[in-house]
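Chemist: next comes the sequence, and after it the predicted model I'd like to discuss.
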Amino acid sequence: MTFTLRICAIFLFAFVLSGRALAQAEKPAAQAEKSPAPTEKPVAVVNGVPIKQSTLQFAVQGAISQGNTDSPQLRDALAKQLIARELFVQEATKQGLDKDPEVLAITEEAKRNAMIQRYLRVKIQLKPITDDDVKAHYEKVKATLGPKEYKMRVILLPNDQRAKELRAQLTKGADFAELAHQWSLAPSATRGGEVEWVSFRTPPKEGETNGLPLAIAQALEKMQKGAISNPLEVQGKWWLVKLDDSRPTKVPSFDETKQSIRNMLTQQEVERGTNELVNSLAKGAKITQ
């Protein structure tokens, strides 16, 4: 049950993120109930149908939550998307698609999603992500980096016999990427075994390798560009590693990374709160599978 509930929580947290943007868009409306505000100029009017500024603001907040930066260029692009969307809706309505069974089914699902969004906004209390939180995470990650970073390809295999066979083929000139695509059990197989740049403190120690198995980190530190490792055992599976390149570690500035860090920490906080809520509700529910 725990695994199923976690999957459910991850699925739901997307609604919280979009709901946060919706909540921001609703604030001006709530304030308007207390004191009348002047009529806002629409973003555009499409065949007599106005596109409200609040609709554009909602789209902007959604884009920001995905890591974009608010700018005139972003708002212009989103405004054009909203105009295109209204044109499509109008033409689809003329053709009677608003009464199409498939559309009606989607409309019902959209209502359910809206209910979920509102419920989660009320029930989940998120810890605010402060500037200090963002800075602390940046410094923590920075402290895990070593003097060099490595670009590699890997092949994950089920046993040492297959690893030895492929190692022999590589020695005779076989293409590492092709073998990775054909044989590797790792997710990177679809990319020919390619893994993103990684850096770690040296000498490598268990738990201080930025997610790399210690055996692989130890091998990388000693390898030359283009070299291929001998089979490396990690928890009963075997790895072949090719070092494509290495370079001095490039540490991005705090200003360059702070927004992406904030987004990541926000998502982690949303997932935490959603997991807690799902598990709490499940305790009092009858669930059969």
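Modeler: Looks like it came in fine.

Chemist: quick one: contacts of the strand ranked longest in the chain?
Modeler: Secondary structure of the chain per DSSP state E: the longest strand is strand 237-248. In this structure, residues lying in contact with strand 237-248 by C-beta atoms under 8 Å, 6 or more residues apart in numbering are 147-160, 162-163, 166-167, 170, 176, 185, 193-194, 213, 215-216, 219-220, 223-229, 231-233. For the C-beta atoms, the positions are set from N, CA and C on the backbone; glycine is no exception.

Chemist: ok now that strand, how far from the chain's centre?
Modeler: 25 Å (C-alpha atoms, centre = their mean, to the nearest Å).

Chemist: how close does residue 277 sit to residue 284?
Modeler: Counting by C-beta to C-beta, to the nearest Å, the separation of residue 277 from residue 284 is 12 Å.

Chemist: tell me which of those two has more neighbours.
Modeler: residue 277 (18 against 6; other C-beta atoms under 10 Å).

Chemist: the helix or strand containing the more buried one - contacts with which helices or strands?
Modeler: Assigned by DSSP states H and E, residue 277 belongs to helix 254-283. Packing partners of helix 254-283 (3 or more C-beta pairs under 8 Å, 6 or more residues apart in numbering; DSSP states H and E): helix 2-34, helix 101-123, helix 131-143.

Chemist: mean confidence (pLDDT) on it, please.
Modeler: For helix 254-283, mean pLDDT rounds to 90.

Chemist: that one to helix 101-123, inter-axis angle?
Modeler: 100 degrees (axes from the mean of the first three to the mean of the last three C-alpha atoms, to 10 degrees).

Chemist: coming back round to it: make a PyMOL selection of the buried ones in the contacts of strand 237-248.
Modeler: Per 16 or more other C-beta atoms under 10 Å, the buried members of these correspond to this PyMOL selection:
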select buried, resi 149+150+151+152+153+154+155+156+157+163+166+167+170+176+193+194+213+215+216+219+220+223+228+229+231+232
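
Chemist: in strands, which of the contacts of strand 237-248 appear?
Modeler: Checking the contacts of strand 237-248 against DSSP E, those in strands are 148-157, 194, 232-233.

Chemist: any chance of those in JSON lines, plus distance to residue 113 and pLDDT?
Modeler: Putting these into JSON lines (distance: C-beta to C-beta, whole Å; pLDDT from 0 to 100) gives the following:
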{"residue": "148", "distance to residue 113": "47", "pLDDT": "95"}
{"residue": "149", "distance to residue 113": "41", "pLDDT": "96"}
{"residue": "150", "distance to residue 113": "43", "pLDDT": "97"}
{"residue": "151", "distance to residue 113": "41", "pLDDT": "97"}
{"residue": "152", "distance to residue 113": "41", "pLDDT": "97"}
{"residue": "153", "distance to residue 113": "41", "pLDDT": "97"}
{"residue": "154", "distance to residue 113": "39", "pLDDT": "97"}
{"residue": "155", "distance to residue 113": "42", "pLDDT": "97"}
{"residue": "156", "distance to residue 113": "38", "pLDDT": "96"}
{"residue": "157", "distance to residue 113": "43", "pLDDT": "96"}
{"residue": "194", "distance to residue 113": "36", "pLDDT": "96"}
{"residue": "232", "distance to residue 113": "46", "pLDDT": "97"}
{"residue": "233", "distance to residue 113": "47", "pLDDT": "96"}
